[in-house]
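>>> sequence and predicted model, in that order:
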Amino acid sequence: MEKLYEGKAKILYSTDNPEELLTHFKDDATAFNAQKRGTILEKGKMNCQITVALFQWLESKGILTHLIQQIAEEQILVKRVQIIPIEVVVRNIAAGSLCRQTGLREGDKLPHSLVEFYFKNDELGDPLLTRDRLLILELATEEQLKELQTLALEINQHLQQFFASCQITLVDFKLEFGIDSHGKILLADEISPDTCRLWDQSEQDPEKRVMDKDRFRRDLGQVENAYQQVHKRVIDKLSSLK
Ligand code: UDP
């Protein structure tokens, strides 16, 4: 296996099959464009399993993903895709950069779900894109953009419903998509407490309710515990549905 790419939270390896890659989930955590670094014990394992569970749930709802199968506690086999260099963010409740940039208050419910596109470019600090900027940069075609928007909203519907059944509010999350050898758009990357804001519905306190990477970003403590809670609720819910 050859290491193709090492990112902040995952490593990508080639396999014997040129159509397939291996993703290894790391315990490393970063925030603020890697200015803050740390380790979250067993995060790799938990995020790998949460991603597999949610991707399988989405597949059962007709969403195509790059997942082939889990091959170790923190490793999955995925279809080789060309990653579209756009971070697709979906928001249901105001938090994070939306509050910083608009003055909305954390926790404000949005009148409708918001889909935003960010340029996946660490050097530029992943800036928010307009539709026209995205097209000028040729990051996607107009048709692909429409498809990304539709897919993102569909995935949001399914995930909101799933997390609600785990007594978790899906505040916002980030998706990445890739294009396979047939030109199809597949959901790629991961869906985990690293890439979602998740609030515990049984807690009203704005700090206690946080079950995601914001605990690490904002030094709220109990980071591992929050990830374990999400892991447990997601896995328990899925096995009860099988
Ligand atoms: N997000 C992510 N990776 C990024 C940027 C954002 O997974 O590089 C997720 C983040 O965890 C949150 C959502 O996308 O669930 C929206 O993030 P936001 O724009 O509010 O950025 P932040 O406040 O984290 O800087």
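Arrived safely, thanks for sending. Numbers count the residues shown, from 1 in each chain.
>>> please tell me how far the residue in the chain that the ligand sits nearest to sits from residue 33.
Nearest to the ligand in the chain, going by C-beta to the nearest ligand atom, is residue 96, at a distance of 2.2 Å. From N, CA and C alone the C-beta is placed, and that goes for glycine too. Residue 96 is 14 Å from residue 33, where distance means C-beta to C-beta, to the nearest Å.
>>> just residue 172 next, same as before
Residue 172 sits 18 Å away from residue 33, going by C-beta to C-beta.
>>> more crowded one of the two?
residue 172 (24 against 12; other C-beta atoms under 10 Å).
>>> pretty sure the more buried one sits against residue 199.
No: if you go by C-beta atoms under 8 Å, residue 172 and residue 199 don't touch, sitting 10.4 Å apart.
>>> any common contacting residues for those two?
Taking C-beta atoms under 8 Å, 6 or more residues apart in numbering as the contact rule, residue 172 and residue 199 both touch residue 93.
>>> around the residue of the chain closest to the ligand, how many other residues sit close by?
Residue crowding around residue 96 was assessed by other C-beta under 10 Å; the count is 15.
>>> was I right about it contacting residue 210?
No: under the criterion of C-beta under 8 Å, residue 96 makes no contact with residue 210, lying 11.6 Å away.
>>> name the helices or strands packed onto whichever helix in the chain runs longest?
Counting residues, the longest helix found in the chain (DSSP state H) is helix 142-165. Counting contacts by 3 or more C-beta pairs under 8 Å, 6 or more residues apart in numbering; DSSP states H and E, helix 142-165 packs against helix 43-60, strand 86-93, strand 109-119, helix 131-136, strand 168-179, strand 185-188, helix 223-241.
>>> I'd like these as CSV, with distance to the ligand and mean pLDDT appended.
Output for the helices and strands packed on helix 142-165, formatted as CSV (distance: least, C-beta to the nearest ligand atom, whole Å; pLDDT from 0 to 100):
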stretch, distance to the ligand, mean pLDDT
helix 43-60, 11, 98
strand 86-93, 5, 98
strand 109-119, 7, 98
helix 131-136, 16, 98
strand 168-179, 3, 98
strand 185-188, 13, 98
helix 223-241, 13, 97
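>>> thanks a lot, see you next time.
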